[in-house]
Every structure is written in C-alpha cells, then in structure tokens.
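# Compute the structure for the input listed below.
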Amino acid sequence: MRQKMCLLVCLVFLCCCSRNADWVQFRGEGGRGVSSSRIAPPLGLRWKIKLQNSDEKIRSLNPPVVIGDTIYFGSDDGNFYALDVESGYMRWVFKSGAEINSIPYADKDQVYFGSKDGKLYALSRETGQEVWNFQVQSQINSQVQRYGDYIIFVGDADAVYFLSPNGKEKFSLYNPGWYNYTFLMADDVMYFGTGPSSGLIGPYDINKREYLWYLNYYEEFNAIWYSFSAVRGDLLYFGTVDVYGDMYFGFYAFNRYTGKKVWEQQCEGILEGLDYEEVWELFLRNVDVLDFMAPTVWKDLVIFAGGDCVARAFDAKTGALRWEQVFDTPISSAPTVASGRVYFGLMGDDFNRPKLVCISARDGKLLWQTETEGSLLSAPVIAGKRIIFGTDKNVFYVMEQVF
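Residues are numbered from 1 along each chain as shown. Got it, this is the predicted structure:
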C-alpha cells in the first residue's frame with residue numbers, strides 16, 4: 001500500500017511539472033504574461049544555438065511554444081523549428097516560403113503558424129510534415145490561436161480569419177489597414193476585432209458575430225500604435241505609443257463590457273542621448289515585435305516594459321503609479337512574471353552589453369542580470385525551470401535555474 005501511495009504521489013508530481021512546463025499560446029494562459037512556474041535566479045545557460053551565420057541584426061524572433069520536451073518557433077530565416085528542450089537537438093525543421101514573424105500555437109497533434117508567404121500552416125508536431133495550409137492575400141504577421149473549434153489569425157490589411165481545425169474558412173472580419181496585429185480571446189470575445197472601417201476597433205463576440213462596442217482609434221488616442229490587451233475581471237488593459245521627436249506613452253484600463261474608460265496615464269518616454277532618427281528607428285524596431293508593450297497583470301498591478309528605458313507598474317484598479325525602474329539603455333522586450341519576479345531584456349549600447357534582467361514585481365528593485373548575445377526580441381517564455389528567448393543576433397537561448 002505504501003508503494004502504491006508513493007507511486008501516486010510521484011505521478012501527481014510529474015503531471016504538475018509537465019503542466020507547469022507547457023507554454024502553448026501567446027502571452028501564456030489567459031494572455032497575462034504570467035507563468036505558474038516556480039523559478040528564481042540565479043540562472044545558468046542550458047544551451048544556445050545561432051540560427052544563421054550572419055552578423056546582421058534581425059527584427060523579429062517571436063516567442064516559442066513549449067509542450068513537454070519540445071520547443072516550437074519560427075524564424076526570420078523562413079524556417080520553423082522543433083528543438084529538444086533539454087539539448088537543443090533539432091527534431092525537425094520545416095521551410096516556409098518567406099520569413100516568419102508569427103507566434104505559433106500548439107495543440108495535442110499539430111502546431112500552427114503563419115508566414116510572410118501568405119500561408120497559414122498546420123504541421124504534425126511529431127514529424128513536422130505539413131497537414132494543410134491556407135493561403136491569404138497578404139503577409140501573416142500575427143499570433144495564431146486555437147480557440148474552441150476555431151483557428152484564428154490575421155492577414156495584414158486583409159482580414160481576421162476563423163478556420164476550422166482542418167483548415168477550412170468558417171468566416172472572416174474585414175481588416176481595413178492594420179498590420180502586425182495581435183488579439184486576446186476571453187469569454188468568447190476577441191479584444192480587439194478589426195472594425196468595419198479604418199480606425200475602428202472593438203470587442204467582437206464570436207458566437208453572436210457582433211461587436212459589443214467600438215473605439216474610434218484616431219479620435220480616442222493620440223497614438224500610432226496600440227499593444228496586445230490583457231483582461232482581469234471587468235477591466236481591459238493596453239498601452240499606446242506615438243512619436244513626436246520623442247516617444248509618448250499612454251496606459252489604459254477600460255470596462256470590457258461597456259467600453260467606458262476607467263483610468264489612463266500619459267507620460268513622455270525616457271530615452272537619454274537619442275536623437276529623432278534614433279528614436280524613430282527604435283520605434284520601427286519595436287513594432288516588428290508582436291508583443292511590444294504587452295502588459296503583464298500580476299496580483300493588483302499592471303506592469304509595462306518596452307519602448308523606452310523604464311519599467312512601470314500601475315495599480316490595476318486606479319491607475320496610480322506604484323513603482324518605476326529606470327535603466328541605462330532601452331528595454332528590448334515585454335515582461336513575463338514568475339514567482340513574483342519580472343523578466344525582460346535590455347538593448348545595450350556602446351558601453352553596455354545587452355542583458356536579461358530580473359526585477360521584483362512588488363517594488364521594481366533589480367534582483368539579477370546576465371549578459372546576452374544580442375538583445376531580446378520578445379518577452380521570455382518561462383516553462384518549468386527554464387527561460388527561453390531569442391535575440392536580434394539570431395541566437396536562441398534556453399536558460400535554467402541553478403540549484
């Protein structure tokens with residue numbers, strides 16, 4: 001009886017570890033950028049791999065998905081990779097027709113991603129063989145998500161597509177002009193759907209196939225970019241950016257059912273020593289990163305990082321600034337939180353190497369940092385005891401907790 005009980009405890013432990021080690025969709029479960037993994041620095045290098053033999057910086061290497069012992073991600077070289085999480089061994093590679101700036105999604109049997117060749121691909125997770133593809137009229141630079149019986153993705157200035165699991169179109173929403181589009185699915189509602197005319201966005205009920213309300217983006221916000229959204233309770237959070245010589249940021253909470261603005265904060269970015277051309281180039285670099293300015297919702301805080309040199313945390317209910325942490329160089333990625341610690345990248349400059357940094361989610365205090373080969377291009381994925389990310393030097397990293 002004691003042996004059976006011991007076996008049961010071990011099986012439960014292994015199941016919990018496996019579940020905590022999976023990261024199957026953009027921004028993690030619920031889209032909040034929070035991992036349930038219990039990980040803490042210091043972290044050591046498990047392995048890294050350079051995907052191309054070139055010193056030229058790339059502009060996109062978006063977050064992977066992780067299931068069990070395999071990592072899946074697409075790259076600027078047009079390849080989609082399946083790597084062993086323990087060793088970096090390449091299980092298989094699939095060549096698409098162009099660069100990949102799409103965030104994949106994985107289910108039990110297949111992994112889905114889009115390419116700049118205008119195709120949405122479904123591959124066998126086991127073999128990497130193509131199961132089906134779906135051709136659209138434009139590049140696909142969005143995340144891909146399976147939600148219920150739909151595979152959802154966005155074609156640039158084309159449409160939001162809802163496919164069946166076998167790759168047949170069910171319906172679509174007109175996309176009048178949005179590029180590099182991301183969305184959040186919560187309670188059968190898409191935040192945001194592309195509106196019927198330019199500048200309109202709004203939560204779209206996929207069952208009723210109707211919008212709950214609209215935001216007139218051009219009239220409501222003095223900005224040219226808005227971020228992926230996050231939801232907690234009744235509130236919907238996102239950030240905006242505009243460039244007038246410097247970067248200007250907006251941080252917002254809306255009632256997700258009524259569209260009423262609950263709070264907003266505006267501030268000028270802190271980018272010491274950069275002239276207008278350098279600020280504009282930084283902005284263009286950032287908007288190629290699909291999780292640029294994506295908020296992280298942790299306990300009673302909403303945390304933003306990316307765009308300038310500052311990480312900021314706001315009270316989730318009131319919008320009051322709770323803390324901010326200023327760095328010497330711009331932040332290169334959105335944040336991910338695990339065990340009360342916030343992880344993101346710093347770009348570096350002529351005097352500072354790029355870094356992965358860890359700060360306290362409670363007060364913003366710097367806890368740990370390590371240099372990286374290139375700056376992070378997206379929020380790190382935290383799966384089990386590992387932190388996984390890619391850099392603009394085309395280097396893919398797996399780091400792990402040092403016991």
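
# quick one, helices of this structure?
Along the chain, the stretches classed as helices by DSSP state H are 2-21, 217-220, 276-287.

# Around the closest residue to Lys385 other than its chain neighbours, how many other residues sit close by?
Taking Cβ to Cβ, 6 or more residues apart in numbering, and ignoring the residues beside it in sequence, Lys385 has Gln401 as its nearest neighbour in space, at 4.4 Å. To be clear about C-beta, it is placed using only N, CA and C from the backbone, and glycine gets the same treatment. Gln401 is flanked by 17 other residues according to other Cβ atoms under 10 Å.

# so who does Gln401 touch?
Listed by Cβ atoms under 8 Å, 6 or more residues apart in numbering, the contact set of Gln401 reads Ile39, Ala40, Pro41, Pro42, Leu43, Gly44, Lys385, Arg386.

# Show me the beta-bridge partners of it.
Taking DSSP bridges as the rule, Gln401 bridges to Leu43.

# what about it, distance to Cys358?
Spatial separation of Gln401 from Cys358 under the definition Cβ to Cβ, to the nearest Å is 12 Å.

# which neighbours do those two share?
With contacts taken as Cβ under 8 Å, 6+ apart, Gln401 and Cys358 have Pro41 as neighbours in common.

# and Pro176, what is it in contact with?
For Pro176, the contacting residues are Ala157, Thr194, Gly195, Pro196, Ser197, Ser198, by Cβ under 8 Å, 6+ apart.

# how about stretch 43-61: buried residues?
Buried positions in stretch 43-61, judged by neighbour count with 16 or more other Cβ atoms under 10 Å: Leu43, Arg46, Trp47, Leu51, Ile58, Ser60, Leu61.

# quick check, nearest of the residues you listed to Lys116?
Lys116 has its nearest neighbour among those in Ser60, at 9.9 Å by Cβ to Cβ.

# excluding its backbone neighbours, what's nearest that closest one?
Asn101 (4.2 Å).

# What ranges in the chain fall below the confidence cut-off?
Along the chain, the parts satisfying pLDDT under 70 run over 1-20.

# centroid residue for it?
Relative to the mean C-alpha position of the chain, the nearest C-alpha, by Cα atoms, centre = their mean, is the one of Asp291, at 4.0 Å.

# Can you select the buried ones among the contacts of Gln401 for me in ChimeraX?
Burial among the contacts of Gln401 is assessed by 16+ other Cβ under 10 Å; the matching ChimeraX selection reads:
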select :39,40,41,43,385,386
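
# Need the max-distance pair from the contacts of Gln401.
Pairwise distances across the contacts of Gln401 (Cβ to Cβ) peak at 13.7 Å, for the pair Pro42 and Arg386.

# And for the nearest residue to Leu282 once chain neighbours are set aside, the neighbour number?
If the residues on either side of it in the chain are set aside, Leu282 comes closest to Pro330, at 6.2 Å by Cβ to Cβ, 6+ apart. A count of neighbours around Pro330, defined by other Cβ under 10 Å, yields 27.

# quick one: Pro330 from Val337, how far?
From Pro330 over to Val337 the distance is 20 Å, taken as Cβ to Cβ.

# can you check Trp92 too?
The value you get for Trp92 to Val337, if Cβ to Cβ is used, is 32 Å.

# how about the strands in the stretch 301-403 of the chain?
With DSSP state E, counting those that start in this stretch, the ranges of strands along the stretch 301-403 of the chain come out as 301-305, 310-315, 321-326, 336-338, 341-346, 355-360, 366-371, 381-383, 386-390, 395-401.

# Quick one: closest of those to Ile224.
Of all the strands of the stretch 301-403 of the chain, strand 301-305 sits nearest to Ile224, with 17.2 Å by Cβ to Cβ.

# what residues are up against Val337?
Val337 touches Gly33, Val34, Ser35, Thr296, Trp298, Ile303, Tyr343, Ala361, counting by Cβ under 8 Å, 6+ apart.

# try 7 Å
Counting by Cβ atoms under 7 Å, 6 or more residues apart in numbering, Val337 makes contact with Gly33, Val34, Thr296, Trp298, Ala361.

# Just the ones of the residues you listed in strands?
Using DSSP state E, the members of the contacts of Val337 that fall in strands are Val34, Thr296, Trp298.

# Distance of the first one relative to Val65?
Okay, so that is Val34. Summarising the geometry, the distance separating Val34 from Val65, computed by Cβ to Cβ, is 16 Å.

# Among these two, which residue is more densely surrounded?
Looking at Val34 and Val65 with other Cβ under 10 Å, you find the greater number of neighbours at Val65, namely 26 against 23.

# Dig out what the nearest residue to the more buried one once chain neighbours are set aside forms beta bridges with.
Nearest-residue entry for Val65: Ala106, 4.7 Å, with adjacent residues in sequence omitted and distances by Cβ to Cβ, 6+ apart. Beta-bridge pairing of Ala106 under DSSP bridges involves Val111.

# show me the contacts for Ala106.
Val24, Val65, Ile67, Tyr72, Arg125.

# One more pass at 6 Å, please.
Val24, Val65, Ile67, Tyr72 (Cβ atoms under 6 Å, 6 or more residues apart in numbering).

# Distance to Thr182 added to these, as JSON lines?
JSON lines is the format used below for the contacts of Ala106 (distance: Cβ to Cβ, whole Å):
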{"residue": "Val24", "distance to Thr182": "16"}
{"residue": "Val65", "distance to Thr182": "15"}
{"residue": "Ile67", "distance to Thr182": "21"}
{"residue": "Tyr72", "distance to Thr182": "18"}
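
# which of these lies closest to Val189?
Proximity of the contacts of Ala106 to Val189, judged by Cβ to Cβ, is greatest for Val24, which lies at 20.3 Å.
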